[in-house]
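Participant: give me coordinates for this.
(one chain, ligands or ions: 1)
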Amino acid sequence: MIKRLQQRYALTEKGAKDLVRAALLTMLANISLMIPAGLLLLVLMNIITALSAGGDPAAGVWGYTALAAALVAVIYLVHYFQYKALFISVYDESANRRVRLAEKLRALPLSFFGKRDLSDLTSTIMSDCSLLEQGFSHWVPQLYGTAVSTVIISACLLIFDWRLGLAVVWVIPVAAVIVAASKKVQDRYGTRALLARRAATDGLQELLETVKDIKACNQKGSYLAGLDETLAQEEKATVRGELVTGVCVTSAQALLKLGIATTVLVGVLLFASGQVALPVFLIYLIAASRVYDPLNNVLINMAAVFGMQIRVERMRAIEEQPVQTGTDSYSPDGYDIAFDHVRFAYNENEGVLEDVSFTAKQGEVTALVGPSGGGKSTAAKLAARFWDVDGGTVTIGGVDVSSVEPETLLENYAIVFQDVVLFRDTVMENIRLGRRGATDEEVIAAARAAQCEEFVSRLPQGYQTVIGENGSTLSGGERQRISIARALLKDAPIVLLDEATASLDVENETAVQEALSGLVQEKTVLVIAHRMRTVMGADKVVVLSEGRVAEMGRPEELVQSGGVFARMVKLQQESADWKLKGEAGKTAAHKA
Ligand SMILES: Nc1ncnc2c1ncn2[C@@H]1O[C@H](COP(=O)(O)OP(=O)(O)OP(=O)(O)O)[C@@H](O)[C@H]1O
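Facilitator: Numbers count the residues shown, from 1 in each chain. Next up, the predicted model:
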């Protein structure tokens, strides 16, 4: 049973055991609430017997009082343990689930994130986790616990007096059949509402991310009309879902109320014909409401329990994703990066790299150049095992990167990407990310070498200034210099630079180039650069065009050979002579 619960609700073994414990304690709590009715019956029967025999109706009052006090203590204890089982252990499992999910996301390859919508992932991590937390503390144990306690109490009621018992319990299986029969419909409408809500969240997130471009393109009206439509669809789907649930649940609840009526009817008939005593009749009336109360609660939450399954599936889909694994320690022979007949595609049948072979030697700068979309960034990312190749191998000092655990592998890489990621933290901490544990002096030295000093000194609190989300308070060039400082601080044997100096002005670029020359000494440097100034200083150029190596060699040799590279150099020289010219309100490119 534990295994089945684990599978059904994506729980750990401990989580499943806690769920069973919580359900058992809920069952006990429900049953314990019936005990006062039993005691009341006992007291009433004794009083009636005493009165009819002319005895003292108050006899045994102290005994009953002591029994009642003991029962209160038992009920309190059962509810105390139920509370602990429901909330404390369920929240433990929930915390573990979140940590497990975060660990999993950390270990997943980038290909996974490329295929998943970010807002969908965020909602799985945030809202699905919260909903499951609520489900396992408020709904699921109650569902199972109430199901068992209802069967037990119903059996007792039927055994004690089957006629009154039947009058109370007949509605329960009928209500259960209504709910079970409506499960499919509730599932269908619940899923539609969830998908519509996701589409609305996606739309809102996209709006927030792209509001600048939408305004710039003057598309606010048409974009908002589309978003309005998505929100209207969500509203419609949610209302329909609620309506279906409402109809099913209210029908089942109304039926339960009918049970009280049949109990009264049967009870009055039996009492009038002298077949049951008044206290028994009254106790069945009390028992009826006690049985129906927890059932009512379960019915209210039934739709939510049905809806939980979709979220469990989404959670499980993430948990079952294959992760990139590998050894935690490796001993490469130097740090040459070698691509050997590498084949790679992001999506099936859409090859990006085909039969790519080249070596970036340690102590040299290897420049990847070529037309846009040729596969330069992809090759650099494969070198750091952001993705795994589909064919061939990528090795570092002779060790296949796919055999090394990604985090261990990345310890040997300093990477500067085109799209710099900064955190809402101080400049100091943003740079320290390059090497945790670096002293303030080391951070400042790296920042100086990356030409950050000049703009940091202008910030209100210098290195302690908190920069906005993703460095929004800094210019593109400043963000990139922080990223270079990080790489300098890391001082790793392999350096990957993707258009590292693209956002810098000429003056800063020269300074940063100097800093980078210090960084790259004795290292394996793979640089992606469109600017020929950067490329001509490289030891080796690999021209990637349409995913294949078109040419390879020293830059001067390639210029001489008159191939693709020579053509690129010529084009860049020509483009340096072009300028924009405004003419009668029109701006056009003309050759000067
Ligand atoms: N995450 C991704 N998912 C799917 N396709 C991608 C992804 N990243 C890149 N591509 C595709 O792979 C091809 C190579 O892209 P890549 O970024 O490696 O080229 P590049 O030579 O670095 O281009 P650029 O010089 O413009 O940066 C392109 O067709 C691109 O559309």
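Participant: quick one, strands of this protein?
Facilitator: For the chain, the strands defined by DSSP state E cover 337-345, 351-360, 365-369, 391-396, 399-400, 413-416, 494-498, 524-528, 540-545, 548-553, 578-583, 586-591.
Participant: what's the closest of the ones you listed to the ligand?
Facilitator: Among those, the nearest to the ligand by C-beta to the nearest ligand atom is strand 351-360 (4.3 Å). For every residue, glycine as well, the C-beta is placed using N, CA and C.
Participant: one step back: output the strands of the chain as TSV; include the columns mean neighbour count and distance to the ligand.
Facilitator: Converted to TSV, the strands of the chain look like this (neighbours: other C-beta atoms under 10 Å; distance: least, C-beta to the nearest ligand atom, whole Å):
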stretch	mean neighbour count	distance to the ligand
strand 337-345	19	8
strand 351-360	20	4
strand 365-369	25	8
strand 391-396	19	14
strand 399-400	16	21
strand 413-416	23	14
strand 494-498	24	8
strand 524-528	26	6
strand 540-545	23	6
strand 548-553	17	12
strand 578-583	9	20
strand 586-591	8	20
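Participant: give me the nearest residue to the spatially most central residue of the chain, chain neighbours excluded.
Facilitator: Centrality entry for the chain: nearest residue to the mean C-alpha point is I125, 2.7 Å, by C-alpha atoms, centre = their mean. When the adjacent residues along the chain are set aside, I125 lies closest to L101, with 6.0 Å between them (C-beta to C-beta, 6 or more residues apart in numbering).
Participant: test my guess that that neighbour contacts M315.
Facilitator: Yes: judged on C-beta atoms under 8 Å, L101 makes contact with M315 at a distance of 7.2 Å.
Participant: these two: which is more packed in?
Facilitator: M315 (21 against 18; other C-beta atoms under 10 Å).
Participant: separation between the more buried one and the ligand?
Facilitator: To the ligand, M315 is 24 Å away according to C-beta to the nearest ligand atom, to the nearest Å.
Participant: now do the same contact list for that residue.
Facilitator: Under the criterion of C-beta atoms under 8 Å, 6 or more residues apart in numbering, the contact partners of M315 comprise 10, 97, 101, 124, 128-129, 132.
Participant: can you check I178 too?
Facilitator: By C-beta under 8 Å, 6+ apart, the contact set of I178 is 248, 251-252, 255.
Participant: could you dump the residues you listed to JSON lines with distance to W170, pLDDT and neighbour count?
Facilitator: Output for the contacts of I178, formatted as JSON lines (distance: C-beta to C-beta, whole Å; pLDDT from 0 to 100; neighbours: other C-beta atoms under 10 Å):
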{"residue": "C248", "distance to W170": "19", "pLDDT": "84", "neighbour count": "20"}
{"residue": "S251", "distance to W170": "16", "pLDDT": "87", "neighbour count": "15"}
{"residue": "A252", "distance to W170": "14", "pLDDT": "86", "neighbour count": "23"}
{"residue": "L255", "distance to W170": "10", "pLDDT": "87", "neighbour count": "19"}
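Participant: want to throw those residues into CSV with distance to the ligand?
Facilitator: Supplementary listing: those in CSV, determined by distance: C-beta to the nearest ligand atom, whole Å:
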residue, distance to the ligand
C248, 44
S251, 50
A252, 49
L255, 54
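Participant: filter those down to just the ones in helices.
Facilitator: Of the positions in those, 248, 251-252, 255 sit in helices, assigned by DSSP state H.
Participant: what residues does T263 make contact with?
Facilitator: Per C-beta under 8 Å, 6+ apart, neighbours of T263: 164, 167-168, 284-285, 288.
Participant: for those residues, which ChimeraX command selects only the ones that are buried?
Facilitator: To isolate the buried ones among those in ChimeraX, judged by 16 or more other C-beta atoms under 10 Å, type:
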select :164,167,168,284,285,288
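Participant: what does the stretch 351-500 of the chain put close to the ligand?
Facilitator: Proximity of the stretch 351-500 of the chain to the ligand is assessed by C-beta under 6 Å from any ligand atom, with 352, 370, 372-378 identified as the residues in range.
Participant: and those residues, which of them are buried?
Facilitator: With neighbours counted by 16+ other C-beta under 10 Å, those contain buried members at 352, 370, 374-378.
Participant: farthest pair in those?
Facilitator: V352 and G370 (12.5 Å; C-beta to C-beta).
Participant: right, and A566 touches E556 too?
Facilitator: No: taking contact to mean C-beta under 8 Å, the distance of 10.4 Å between A566 and E556 leaves them out of contact.
Participant: can you pull the residues of the stretch 201-350 of the chain lying near the ligand?
Facilitator: So far as C-beta under 6 Å from any ligand atom goes, the stretch 201-350 of the chain lies against the ligand at Y346.
Participant: which residue does the stretch 201-350 of the chain bring closest to the ligand?
Facilitator: With C-beta to the nearest ligand atom as the measure, the residue in the stretch 201-350 of the chain that lies nearest the ligand is Y346; the distance is 3.3 Å.
Participant: and for L101 and M315, which residues touch both?
Facilitator: If you check L101 and M315 against C-beta under 8 Å, 6+ apart, the residues they both contact are 124, 129.
Participant: the contacts of T263 in helices, which ones?
Facilitator: With helices taken from DSSP H, the overlap with these comprises 164, 167-168, 284-285, 288.
Participant: pull the CA atoms of stretch 104-111 into CSV?
Facilitator: The C-alpha atoms that make up stretch 104-111 are tabulated as CSV, following Å, rounded to 0.1, in the frame of the first residue of the first chain:
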residue,chain,number,x,y,z
LYS,A,104,16.5,18.1,-9.5
LEU,A,105,16.3,21.4,-11.4
ARG,A,106,19.9,22.0,-10.6
ALA,A,107,20.9,18.7,-12.1
LEU,A,108,18.8,18.8,-15.2
PRO,A,109,20.4,19.5,-18.5
LEU,A,110,19.7,22.9,-20.2
SER,A,111,17.8,21.0,-23.0
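Participant: does the ligand sit close to that stretch?
Facilitator: No: applying C-beta under 6 Å from any ligand atom, one finds that stretch 104-111 is not in contact with the ligand, the shortest distance being 7.4 Å.
Participant: so which bits of that stretch are buried?
Facilitator: Within stretch 104-111, the residues that qualify as buried by neighbour count (16+ other C-beta under 10 Å) are 104-105, 107-109.
Participant: tell me the one of those nearest Q233?
Facilitator: Using C-beta to C-beta, L105 comes nearest to Q233 of the buried residues of stretch 104-111, at 29.5 Å.
Participant: for the stretch 151-300 of the chain, which segments are assigned as helices?
Facilitator: Taking DSSP state H, counting those that start in this stretch as the criterion, the stretch 151-300 of the chain carries its helices at 162-169, 171-216, 220-272, 278-319.
Participant: got it, and the stretch 351-500 of the chain?
Facilitator: The residue ranges that make up the helices of the stretch 351-500 of the chain, judged by DSSP H, counting those that start in this stretch, are 376-383, 406-410, 427-432, 440-449, 453-456, 476-490.
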